[in-house]
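> Provided below are the primary sequence and the corresponding predicted coordinates.
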Amino acid sequence: MRTKNIWLLSVLTALLFTVACGSDDDDKNNNSNHENNVEVDAGDNNGDQDTGDNNDNNENNDVTDPLAEVDVLADGTNTDPDAALVFEPGQTVGGVLGSSTGTEEDYDIHYFKAELTAGTVLNVEFTVVGEGFESEDGPLALAAIFDEDGYVYRYLVSFEGMKRQVFIPQTGTYYLEIHDDRAGYEAHGGSQSYYALKTSVSDLQVESMTAPGEVTGDMSDANVRAYSFVAPEDGIVLAETFAFIEGENHLDTVLFAWHPTTSEVLAYNDDMDYDNGVVDSEVAFEVEKDVTYVLVLDYFDNTDPAEFELAVNVTDDHPSYPGVLTVDEEASGVIDAARDGVADVDYFVVEIKAGERLRVEVTGDDAMQPAVHVYDDWGYPVGLGLAVGNRAGIEFAHPSDQETTEYYVLIDDQRNLPLEEGDVSENVGGAAFGYTVKATVATVGVEESTFPVFDSATLDDVGVTLWYEVTVPANHIVQLAVTGDAEDFEPYVGQVVEGGYEWMMESPTAYISGEEAVTMVFGVRDRYFRGGAAYDVDVQMVAYDLGEHEYTPVADPAENVSVETALAVTLPVEINGDLAGQSEDNLDADYFKVTLEAGKSLIARAHSSVGADMIMRLIKADGTTAIENDFYFGQNQTYYSALVYDVQEAGEYTLEVRPYCDEVYDNECAGNGDYTVKAFVTETVTP
């Protein structure tokens, strides 16, 4: 039902500028001589029926006129909102829909309008629905209630019930639009498609509840619900409905937070996440202690069954209302116990100036294993810091070419984070899960170095990155790698680029310089910013001259589609091929066999004339991965691949070239197209 109505809404939008028209028969404009004396005098809007000579030859002259009680009668002109007929609440509107052949533009539709006041409730009820609306599902008369701003759009669907209420959130003009639910796709209408819709306005009926708290109910009576509560403290109220269950309960709630004193909407939500099928509603709004607030529960269209639950909680923050972190000032909080299977998260915002490097550190109580997330003001993740003991931290730079801006800091317990597919939140939290958080301007220690860099160091605290400044000669490839013995250490390497932007990815990877030498800052850290006494690391940065090599050209023969059918090549080699993957399960990768000696380093780099996004992997004889690379630093257009591998064990290896296929465009993998791989070996540089 909702899908159909959403589609119809787009049609009706067009009708704001186009008068809908019916077929060419006389029923289109509600003219006289209808059967059963349903005759409309198109000359006025007062609902008078023509009882003169026109009926002398009609059958059933003793039938009572079903529109006799209509106060405002459709007259054939009110077929778009601009021509809507005016009614006063308390009056009945009505008319006869002209016949339709069922095409998108061939149907009749009637509009009426009235001025309504914020905080009231509009009552609408079909008191007459003619046989022309009948279908296998029941009567298909449909009334839409909407305002001028598109803020309100509600439906009364007659086969679900003949009446409903609508909450009026703002003072202004509201419209009634009546049509047959088959409009646009099935024939309908005619002399028996008559209707009468009674209107009235009433006050909002408010029940009391406590906050935090829950209420349950059933809206199959088609009435809106309103619940008042007194805020127990200053803070944020979270209110959420639980109603829609696919195939069982089709109540699509609309939730308002209403201030009864100022007659103001404080928050509003129709669907929490409509794109993912979540049509329940959730609102968050600030409250002051001892002030009374009202939650109004409305609905998109009437339905039965229509059970619901409304849950209300009071908390200290919300994504829309984060706490404020001031640099050098400590803040505190508590990760509360999970509610309805959802773990608590605390939200803060911190302001950073251009070129500043900020450190955010969280220290939890003994029961807590804190985690700290940072996002920029576009919602892009900067990083996630996980706990070492009861501490977590992140250090990051705000680029020097950016204005002062805000970053969002989220704090929770790391046991509540599903980091990998299949992980489940432990939902820990409670009074013992307190913490303090502090933001400070960090100082960056950059170690000036020359190639090769072989350094044994320690990530001496949470949030720390070790930085090395080196000058990379022109046309060189830099091997970037870090290893460590800490049990949970996940090595990351990266670089700082122009403007102060930091790029990080899994170790090892590579950087390729251009036609001129360049001074670069490379960094190493743990993926989740872990550090401390146990986090000893070995850093390796070696520059290899790409230079001139006598490459043997090889064309991809197309039969090398597996390790077993890999094409044997002699290094140095230039491979020219084409990728045509279908999906992640059908990558159509190419395979090449190479023989490597211990003490040598294999260097391979790929590019594409069409920007194909490819991944290279070196496979050992036992089938395990020696090294894999999806991206290298220094490229500025696409996601090519380059790798440096120090051979420890001589033997045959297989080089795999495959397209990136996590996303599919026009039914093709993003990595499809031609490619060139150049590979050679050189002496390994050792400490």
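Now that the structure is in, tell me what you want to look at.
> so residue 609 makes contact with residue 674?
Yes. Residue 609 is within contact range of residue 674, at 5.7 Å (criterion: C-beta atoms under 8 Å). Glycine gets a C-beta too; all of them are placed from N, C-alpha and C.
> So which of those two has more stuff around it?
Just comparing residue 609 and residue 674: by other C-beta atoms under 10 Å the higher neighbour count belongs to residue 674, 14 against 9.
> For that one, which residues are in contact?
Neighbour list for residue 674: 576, 577, 578, 579, 608, 609, 610, 612 [criterion: C-beta atoms under 8 Å, 6 or more residues apart in numbering].
> Over to residue 246?
Residue 246 neighbours (C-beta under 8 Å, 6+ apart): residue 277.
> what about it, distance to residue 279?
10 Å (C-beta to C-beta, to the nearest Å).
> for residue 364, same thing?
With C-beta to C-beta as the criterion, residue 364 and residue 279 are 37 Å apart.
> For residue 158, what are phi and psi?
The phi and psi values for residue 158, taken as degrees, to the nearest 10, are phi -70, psi -30.
> With residue 414 instead?
Dihedral angles (degrees, to the nearest 10) for residue 414: phi -60, psi -20.
> Next, count neighbours for it.
20.
> so it makes contact with residue 392?
Yes. If you go by C-beta under 8 Å, residue 414 and residue 392 touch, sitting 7.5 Å apart.
> Quick check: neighbours shared by those two?
Between them, residue 414 and residue 392 share the contacting residues 370, 371, 386, judged by C-beta under 8 Å, 6+ apart.
> quick one: which of those residues has the most company?
Busiest of the shared contacts of residue 414 and residue 392 [other C-beta under 10 Å] is residue 370, holding 28 neighbours.
> so what's it up against?
Contacts of residue 370 by C-beta under 8 Å, 6+ apart are 362, 363, 364, 387, 390, 391, 392, 411, 412, 413, 414, 435.
> Can you name the residues bridging to it?
Per DSSP bridges, the residues bridged to residue 370 are residue 413.
> So it versus residue 410, what's the distance?
11 Å.
> Please list all residues in contact with the nearest residue to residue 671 once chain neighbours are set aside.
Spatial nearest neighbour of residue 671, chain neighbours left out: residue 659 (2.8 Å); criterion: C-beta to C-beta, 6 or more residues apart in numbering. Applying C-beta under 8 Å, 6+ apart to residue 659 gives the contacts 579-581, 587-589, 612-615, 669-672.
> Report the buried members of those.
579, 581, 587-589, 612-615, 669-672 (16 or more other C-beta atoms under 10 Å).
> from those, which single one is nearest residue 459?
Relative to residue 459, the closest of the buried ones among the contacts of residue 659 is residue 615; by C-beta to C-beta it sits at 28.6 Å.
> For that closest one, which non-adjacent residue is spatially closest?
The nearest residue in space to residue 615 (C-beta to C-beta, 6+ apart) is residue 630, at 4.7 Å.
> For that neighbour, the count of nearby residues, please.
Neighbours of residue 630 (other C-beta under 10 Å): 17.
> quick one, what contacts it?
So residue 630 contacts 615, 639, 641, 660 (C-beta under 8 Å, 6+ apart).
> Thanks a lot, catch you later.
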